[in-house]
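[1] please find the sequence and the predicted model below.
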There are 2 protein chains.
Amino acid sequence: MAVYTEVSDKDLRTLATAYDFGEIISCKGISEGIENSNYLLQTSQDSFILTLYERRVNPNDLPFFMSLMDHFAKNGVPCPVPLKGFDGQILRNVCGKPAAITSFLRGNWPRHITEAHCAELGPALARLHKAGINYDKNRENNLSIKEWRALHNSIGDTAENFMPGLKGAIESELDAITSAWPDKNAPLMRGIIHADLFPDNVFFINGKCTGLIDFYFACTDFLAYDIAICLNAWCFDSSGVFNTTKANRFMSGYQSVRRLAGDEKAALPLLARGAAMRFLLTRLYDWINPPLNAYTKPKDPQEFLDKLNFHRGISDIAHYGIY
Amino acid sequence: MAVYTEVSDKDLRTLATAYDFGEIISCKGISEGIENSNYLLQTSQDSFILTLYERRVNPNDLPFFMSLMDHFAKNGVPCPVPLKGFDGQILRNVCGKPAAITSFLRGNWPRHITEAHCAELGPALARLHKAGINYDKNRENNLSIKEWRALHNSIGDTAENFMPGLKGAIESELDAITSAWPDKNAPLMRGIIHADLFPDNVFFINGKCTGLIDFYFACTDFLAYDIAICLNAWCFDSSGVFNTTKANRFMSGYQSVRRLAGDEKAALPLLARGAAMRFLLTRLYDWINPPLNAYTKPKDPQEFLDKLNFHRGISDIAHYGIY
């Protein structure tokens, strides 16, 4: 929930001259998106989203993300489509920050996750993975296993302030995950992954998925790792209990579009532990280093510590609802 | 800048069945409005604003505000118009809070105030005052001079934490203002005032005022007190210097619609001191008692201390650009 930058009247006037989208009739900061400032821009023609890239997004990565959204939209993955100005450019400077305008994606993200949402999520993710196969650019995952160790080191002893014994527990778990983690030559399919497909990035109308947003963590990695992220993000109930029915609906939906190979299935418990570790570490980092001027409250790291422990206990993928 | 309450999927579905506005295609929390949670609701028919009333607004006052907006809209003051549901009701319960849906007012509030904005503001305020004359309900100003003393007392010694000597300075200034303040029988025209007409409550498109929002402080008081609030809110430059040209454009615009009586002009320096005192006290109160869970940063009280001191030095209303 955030809007960090106030867009001035002058900036809006400049924007209005740069695009063929009619007259701006309203521009309101919206409380969605944690890393960036987002505005709902209404013009005499249509609704759009104006995004100012504030944190964590490396400006050098923006062309990758923009053409990726374009690629997905053209290949049957409904998502925001970047808008070109009269100058042919997508990216421009607004209030001293890199900015882009995209089409407005209809729908709302679900506040209460049901099995029906998970059933819709599966095919949507599988279509994204299939559409990504013929995308011609790559981006390394800069929040992958290598960086977890660096994050852990930068958190250091302050992890103990969050929970005594946490530093050592992460250390040994990182060792265990690292020694088992598949390398790039493993027989696991790689491709473009969303890498942050939490419920607030998936829109629905009347129970039907209308599209995906927020591709600013997208990168090249194991496709099954994206599935592992979704198992963490969608398939635990709000009480923290893993819901096998949700996982089953999600996995069946996914496999109705793209069948998982045996190696991918077998790797899921490990990948899910890794995914839980990734969000545990970034949440812990944000907890310890809350951004100045942020209107967002850091999310509780405890949630992913519990999820990590759940995945450590999985010996049979039937627990994930996969048969 | 705030959204305090997350509207659930279930609440949205319930809303959608209560109104004749088509299918909800999006509902986004917007970072405008300090006291309430506001959402931009897009349906297959139109855009609307959904407001959940969170703080400071007394639910018993809501029918007054709703019918006031209706009255203004029907009498040539562009503003949000409350929407009735199939049940004929405007107010309903959303997420356990009183809530209403209004029409969407086109335009943006100005981030940088120019003389041209002040010239537009004047007639808009005067038309509001004229339209309020035949409104048949009254609401006492519950942030008027009586309550300033109570606010001051509740702030107490903590005012000294903000600035040593501030408690005594407010005390003696309150005494001075109170002894001179006109009573209800004074020959100053009374009527419905907006009472909070800051720039973020006035929308413009291409320099033309498109309407006014946020009537949740509206009440019955001296019309010239509303002018005094605007002099404080619009006619100082960002450096804190009073801009006589802005005041002149504002006052001329106002008087082109409604001429001020001599008594009203003469009372302006005192009313402007009072208006500065009112915002000094509420900002000081909020500074000392920041709301829990708020995503808003308290505004600096110093600004209105400086403005108060400016108005204390005014002996001739020519300083306000009134001739």
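    Received it, and whenever you're ready, just let me know what you need.

[2] and chain A, which residues reach chain B?
    Residues of chain A lying close to chain B (C-beta under 8 Å from any C-beta of the partner chain) are A:1, A:3, A:6-10, A:12, A:23-32, A:40, A:42, A:47, A:104, A:106-108, A:110-112, A:205-206, A:295-296. Yep, even glycine has a C-beta here, placed from its N, CA and C like the rest.

[3] filter those residues down to the ones in helices?
    Those of those mapping onto helices are A:Asp9, A:Lys10, A:Leu12, per DSSP state H.

[4] what lies in contact with stretch A:54-64?
    A:4-5, A:35-37, A:53, A:65, A:91, A:97-98, A:100, A:137, A:139, A:216, A:218, A:291 (C-beta atoms under 8 Å, 6 or more residues apart in numbering or on different chains).

[5] hmm, which of the residues of chain A next to chain B are the buried ones?
    In terms of neighbour count (16 or more other C-beta atoms under 10 Å in any protein chain shown), the buried residues within the residues of chain A next to chain B are A:1, A:3, A:7, A:9, A:12, A:24-32, A:40, A:42, A:47, A:104, A:106-108, A:110, A:205, A:295-296.

[6] show me the residues you listed that map onto strands.
    Taking DSSP state E as the definition of strands, these contribute A:Ile24, A:Ile25, A:Ser26, A:Cys27, A:Lys28, A:Gly29, A:Leu40, A:Gln42, A:Ser47, A:Ile205.

[7] most widely separated two among those?
    Distance extremes for those: the farthest pair is A:Ile24 and A:Ile205 at 25.8 Å, using C-beta to C-beta.

[8] show me where pLDDT drops low in the stretch 201-323 of chain A?
    Applying pLDDT under 70 to the stretch 201-323 of chain A flags residues A:291-297.

[9] so chain A: which segments form each domain?
    As given by automatic domain parsing, the domain ranges for chain A are A:9-102, A:115-320.

[10] for B:Asp70, find the nearest of those domains.
    Among these, the nearest to B:Asp70 by C-beta to C-beta is domain A:9-102 (21.9 Å).

[11] quick one: terminal-to-terminal distance for that closest one?
    This stretch, domain A:9-102, spans 20 Å end to end (C-alpha to C-alpha, to the nearest Å).

[12] so where do the strands sit in chain A?
    Using DSSP E, the strands of chain A run over residues A:24-29, A:36-43, A:47-53, A:92-94, A:97-103, A:190-193, A:202-205, A:208-212, A:219-222.

[13] can you tell me which residue is nearest the centre of chain A?
    Taking C-alpha atoms, centre = their mean, the centroid of chain A lies closest to A:Asp196, which sits 1.7 Å from it.

[14] next, work out how far apart A:Asn309 and A:Met251 are.
    21 Å (C-beta to C-beta, to the nearest Å).

[15] likewise A:Asp200?
    Distance from A:Asp200 to A:Met251, counting by C-beta to C-beta: 22 Å.

[16] likewise for A:Glu32?
    A:Glu32 is 28 Å from A:Met251, by C-beta to C-beta.

[17] correct me, but A:Phe162 touches A:Phe304?
    No: judged on C-beta atoms under 8 Å, A:Phe162 makes no contact with A:Phe304 at a distance of 12.0 Å.

[18] so between the two, which is more surrounded?
    The neighbour count for A:Phe162 versus A:Phe304, taken as other C-beta atoms under 10 Å in any protein chain shown, is higher for A:Phe304 (21 against 17).

[19] residues contacting that one?
    A:Asn232, A:Ala276, A:Met277, A:Phe279, A:Leu280, A:Arg283.

[20] hang on, the earlier thing: neighbours around the closest residue to the residue nearest to the centre of chain A other than its chain neighbours, how many?
    With sequence-adjacent residues excluded and distances taken as C-beta to C-beta, 6 or more residues apart in numbering or on different chains, A:Asp196 is closest to A:Phe217, at 4.2 Å. Applying other C-beta under 10 Å, we find 21 residues neighbouring A:Phe217.

[21] sorry, back to before: check the contacts of stretch A:54-64 and tell me the two furthest apart.
    A:Lys137 and A:Pro291 (29.3 Å).

[22] more neighbours: which of the two?
    Neighbour totals were compared for A:Lys137 and A:Pro291, and A:Pro291 leads with 16 against 12 (other C-beta under 10 Å).

[23] need the pLDDT of the residue nearest to A:Leu83 when sequence neighbours are not counted.
    Distances taken as C-beta to C-beta, 6+ apart put A:Ile101 closest to A:Leu83, at 4.5 Å, once the chain neighbours are dropped. Looking at A:Ile101, its pLDDT reads 98.

[24] what does the one 3 residues further on give?
    At A:Phe104 the predicted local distance difference test score is 97.

[25] leaving out the residues flanking it, which one is nearest to it?
    Spatial nearest neighbour of A:Phe104, excluding adjacent residues (C-beta to C-beta, 6+ apart): A:Ser47 at 3.9 Å.

[26] what sits against that neighbour?
    Taking C-beta under 8 Å, 6+ apart, one finds A:Leu40, A:Leu41, A:Phe104, B:Gln42 in contact with A:Ser47.

[27] distance check, it against A:Cys27.
    11 Å.

[28] identify the contacts common to these two.
    With C-beta under 8 Å, 6+ apart as the test, A:Ser47 and A:Cys27 both reach A:Leu40, A:Leu41.

[29] what segments of the stretch 101-250 of chain A are helices?
    In order along the chain, the stretch 101-250 of chain A carries the following helices (DSSP state H, counting those that start in this stretch): A:115-132, A:145-155, A:159-162, A:166-180, A:223-234, A:244-257.

[30] who's more crowded, A:Asn309 and A:Met251?
    A:Met251 (25 against 13).

[31] pretty sure the more buried one contacts A:Leu125?
    No: contact criterion C-beta under 8 Å: A:Met251 and A:Leu125 do not qualify, at 10.3 Å.

[32] which residues do those two both contact?
    In contact with both A:Met251 and A:Leu125: A:Ile227, using C-beta under 8 Å, 6+ apart.

[33] circling back: can you list the strands of chain A in a markdown table and add distance to B:Asp263?
    A markdown table is the format used below for the strands of chain A (distance: least, C-beta to C-beta, whole Å):
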| stretch | distance to B:Asp263 |
| --- | --- |
| strand A:24-29 | 40 |
| strand A:36-43 | 44 |
| strand A:47-53 | 49 |
| strand A:92-94 | 49 |
| strand A:97-103 | 51 |
| strand A:190-193 | 72 |
| strand A:202-205 | 58 |
| strand A:208-212 | 60 |
| strand A:219-222 | 71 |
